[in-house]
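Visitor: Show me the folded form of this:
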Amino acid sequence: GELISKPDNREEAFNILRTKCNVCHIKKNKRKIFTRNNMSGFAPEINTQVFIKRRMPKGKDIKLTEKEYQLLSTWLRSLKA
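Guide: Model prediction:
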């Protein structure tokens, strides 16, 4: 079974980056504000920080739901295809 990335998966991933990551990055990490244009370039780093080191999202206020983790993971895998 080949994983085919639906275009909407990228949009779903962007929504997570926008609502769960950018809200804090805008204040604390302006060089890493995600856009539709740059998100794929940040993918390896997103994977490292979110899935490997589990460092993002930081703090107690913002958490990713199980579904959000799955959506991000699906998007990241689709880029490696």
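Visitor: Give me the residues contacting the biggest helix by length in the chain.
Guide: Looking across the chain with DSSP state H, the single longest helix is helix 66-80. Residues from elsewhere that reach helix 66-80 (C-beta atoms under 8 Å, 6 or more residues apart in numbering): 3-5, 9-10, 12-13, 16, 20, 40, 43, 46-47, 50-51, 64. C-beta here means a position set from N, CA and C on the backbone, and glycine is covered the same way.
Visitor: In the host helix or strand of residue 46, which residues are buried?
Guide: Element membership for residue 46, per DSSP states H and E: helix 39-46. The neighbour-count check on helix 39-46 (16 or more other C-beta atoms under 10 Å) flags 39, 42-43, 46 as buried.
Visitor: just stretch 58-69 next, same as before
Guide: 64, 68.
Visitor: Equivalent analysis for stretch 26-41, please.
Guide: Counting neighbours by 16+ other C-beta under 10 Å, stretch 26-41 gives 32, 34, 39 as buried.
Visitor: mind checking how far the last one is from residue 65?
Guide: The reference is to residue 39. 19 Å (C-beta to C-beta, to the nearest Å).
Visitor: Check the second one too.
Guide: Using C-beta to C-beta, residue 34 is found at 18 Å from residue 65.
Visitor: re earlier: any idea how far the longest helix of the chain is from the middle of the chain?
Guide: 8 Å (C-alpha atoms, centre = their mean, to the nearest Å).
Visitor: List the contacts of the helix or strand bottoming out on mean pLDDT in the chain.
Guide: Ranked by mean pLDDT, DSSP states H and E, the weakest helix or strand in the chain is helix 7-16, scoring a mean of 91. Helix 7-16 is contacted by residues 34, 36, 39, 64, 68, 71-72, 74-75, 78 when judged by C-beta under 8 Å, 6+ apart.
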